[in-house]
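Chemist: next one to model:
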Amino acid sequence: MPACPIEQKLRGQTALVTGASSGIGKGIAIGLGHAGANVVVNYIRDQDEAEAIVADVQRCGAKAYAHQADISDERQVEEMFQRMLDEFGTVDILVNNAGLQQDAPLDEMTLTQWNKVISVNLTGQFLCAREAVREFKRRGVRPEVSCSAGKILCVSSVHDVIPWAGHVNYAASKGGVSMLMKSIAQEVAPYRIRVNAISPGAVRTPINMQAWSTPEAYAELMKLVPYKRIGEVDDIARATVWLASDDSDYVTGATIYIDGGMTLYPGFETGG
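Modeler: Numbering: from 1, shown residues only. You can find the predicted model right below:
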């Protein structure tokens, strides 16, 4: 990550980032911390990595701690939010990032695989958003830090619009996230709560290393990306900071596709 910015647009605010111990969540947590926010780094495993992210956030003068919780478990979500309120007094920004894949052809996919992905990717976002909205509505706007009462950012995927054979549970969960986000945004806008989504395309993270780790794999991947480069976690982090700041105060119910043009269906660029 770059050096801490002189202007920290999120100073005085508290952010919770779920699934923040690696990949996109890690980049977002560090980006928010470098923008001045106090950060709760949620993780399910790899405590050492989570603590390293905490240290990176603290390097820029913000406060942070790591919290292990399964966001598909209602009790654990409630306990995570209560600890955050005890430690920081409130929450201003929720980044619903945690997600997973358990892939299989449809006729081989088990109900356990289906339920696990839906529970984490969709139900987990509902549970965290519900707790955040309760606190946002209770507290209201804090004009000294933001002109909105709270911000929720739902990390989705280009597969909220692009079908993905062999990954029906994942694609269904991300399609659900899109409508969850829009419906919550519509409901809570009168309370000055903003809800938006970020839908990444191909991003260089450990989970998809096989898609970019060799020149051959990278060349094949670029057939799907008109902009002809893979995304980096900083691309997602910068957009998240913008959506969490007052610079985007009139933006709610929107999905930003950060995908190098993947959702432009490049297979049709010559007429199909």
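
Chemist: when you work out contacts or count neighbours from here on, use the C-alpha atoms and nothing else.
Modeler: Will do.

Chemist: and after the helix or strand containing Ala66, which helix or strand comes next?
Modeler: Under the criterion of DSSP states H and E, Ala66 resides in strand 64-68. Later in the chain than strand 64-68, the nearest helix or strand by DSSP H and E is helix 74-88.

Chemist: can you give the distance from the helix or strand that that next one is followed by to the centre of its chain?
Modeler: For helix 74-88, the succeeding helix or strand toward the C-terminus, using DSSP H and E, is strand 93-96. Strand 93-96 sits 7 Å away from the centroid of its parent chain (CA atoms, centre = their mean, to the nearest Å).

Chemist: packing partners for strand 93-96?
Modeler: strand 14-17, helix 124-139, strand 150-155 (3 or more CA pairs under 8 Å, 6 or more residues apart in numbering; DSSP states H and E).

Chemist: export these to JSON lines and tack on distance to Ser72 and mean pLDDT?
Modeler: Compiled in JSON lines, the helices and strands packed on strand 93-96 are given as follows (distance: least, CA to CA, whole Å; pLDDT from 0 to 100):
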{"stretch": "strand 14-17", "distance to Ser72": "14", "mean pLDDT": "98"}
{"stretch": "helix 124-139", "distance to Ser72": "4", "mean pLDDT": "98"}
{"stretch": "strand 150-155", "distance to Ser72": "15", "mean pLDDT": "98"}
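
Chemist: will you turn these into a markdown table that also has mean neighbour count?
Modeler: Shown next, in a markdown table, are those (neighbours: other CA atoms under 10 Å):
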| stretch | mean neighbour count |
| --- | --- |
| strand 14-17 | 26 |
| helix 124-139 | 19 |
| strand 150-155 | 28 |
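
Chemist: can I get the ones you listed in a markdown table with distance to Gly31?
Modeler: Conversion of the helices and strands packed on strand 93-96 to a markdown table gives the following (distance: least, CA to CA, whole Å):
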| stretch | distance to Gly31 |
| --- | --- |
| strand 14-17 | 11 |
| helix 124-139 | 20 |
| strand 150-155 | 14 |
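
Chemist: list the contacts for Ala15?
Modeler: 32, 37-40, 91-95 (CA atoms under 8 Å, 6 or more residues apart in numbering).
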